[in-house]
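S.K.: Quick one, structure for this:
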Amino acid sequence: MINPQNFYTVQGWMLADLGLKGNALAAYAIIYGFSQDGKSEFTGSANYLAEWMGCSRSTVMETLKKLVEKGLLVKRNIIQDGVLFCAYKANPRPCPKTGQGVSENQTGTCPKTGQGVSENQTGGSPKLGHNNIADNIAINNIKYIVEYLNRKAGTKYKPTSKETQKHINARLAEGYTVADFVQVIDKKCAAWKGDPKMEEYLRPSTLFGTKFESYLNAPAAAQQPRPAGRGYGAPAANVGPNGIAIDPSKNDLDGIL
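M.R.: Residues are numbered from 1 along each chain as shown. Here you go, the predicted model:
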């Protein structure tokens, strides 16, 4: 039930700069309201969004999927007590162009500067330049992809590496989505992790290189069955990595709010 006192705000740049409308506009605006400080995330349920958007839960999930694929939302998977939850964060909004242009700061707000000068994120010298929402999206996409690889493969690659950025940007330029990168990482981690000969190839230069398409289209590796009796009697396939049963009825945003 929506609190009569609650509200969300649709801002002009969401339509003018991002070209959003309908369900996509409503979902992005709601999630932006939760994550506009650049640190917080939306962890509410799909049903909560469905109430606001006036649509079905399946429409909400499809809308969120498309916004993630476009790079307008960043999705983070959370496993809690063996159940998968999802958190969403909106990418920063573009700043208006004034004078020579302004750059967006770390909090997602636009600094008021006559010359279009802002401090960069590393605390170095100010720089001039025009705002480009595509640049912000690309940076966030690279960060998400590399951090996802590190979590899955147990590696420590840096999203700031020029070599890593080169491979990811090359594939993004070919039209592949963040979801495609996640799929490749999942497939190759399942196939190579734990194999002394192959584990070293769980690296950006290999995964995101010229064989990316073949990795994406390769069949998923068959998972080894887990011993019965774990997860409080749940079937082996429904046991999470911590040994607690996963409720198959819980997916994505169920039960968060």
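
S.K.: Low-confidence regions, this structure specifically.
M.R.: Scanning the chain for pLDDT under 70 picks out 1-2, 80-82, 93-137, 222-257.

S.K.: again, only this time at 80
M.R.: 1-6, 37-39, 79-85, 92-138, 221-257 (pLDDT under 80).

S.K.: ranges for the helices of it?
M.R.: Along the chain, counting by DSSP state H, helices occupy 12-16, 22-35, 46-53, 57-69, 133-153, 162-173, 178-192, 204-207, 212-217.

S.K.: quick one: buried residues of the third one?
M.R.: What it means is helix 46-53. By neighbour count on 16 or more other C-beta atoms under 10 Å, the buried set for helix 46-53 is A46, Y48, L49, A50, W52, M53. The C-beta positions use only the backbone N, C-alpha and C, and glycine is treated the same way.

S.K.: How about the last one?
M.R.: Residues of helix 212-217 classed as buried: F212, Y215 (neighbour count, 16+ other C-beta under 10 Å).

S.K.: Output the contacting helices and strands for it.
M.R.: For helix 212-217, the contact count by 3 or more C-beta pairs under 8 Å, 6 or more residues apart in numbering; DSSP states H and E identifies helix 178-192 as packing neighbours.

S.K.: 10 Å instead?
M.R.: Applying 3 or more C-beta pairs under 10 Å, 6 or more residues apart in numbering; DSSP states H and E, we find helix 212-217 packed against helix 162-173, helix 178-192, helix 204-207.

S.K.: ditto for the first one
M.R.: Applying 3+ C-beta pairs under 10 Å, 6+ apart, one finds that helix 12-16 contacts helix 22-35.

S.K.: Now do the helix it packs on against helix 57-69, angle only.
M.R.: 70 degrees (axes from the mean of the first three to the mean of the last three C-alpha atoms, to 10 degrees).

S.K.: From the buried residues of helix 46-53, pick the one nearest Q11.
M.R.: Q11 lies nearest to W52 out of these, by C-beta to C-beta, at 16.1 Å.

S.K.: I'd guessed that closest one sits against T63; true?
M.R.: No. Using C-beta atoms under 10 Å, W52 is not in contact with T63, being 11.7 Å away.

S.K.: any shared contact partners between these two?
M.R.: Both W52 and T63 are in contact with A26, A27, where contact means C-beta atoms under 10 Å, 6 or more residues apart in numbering.
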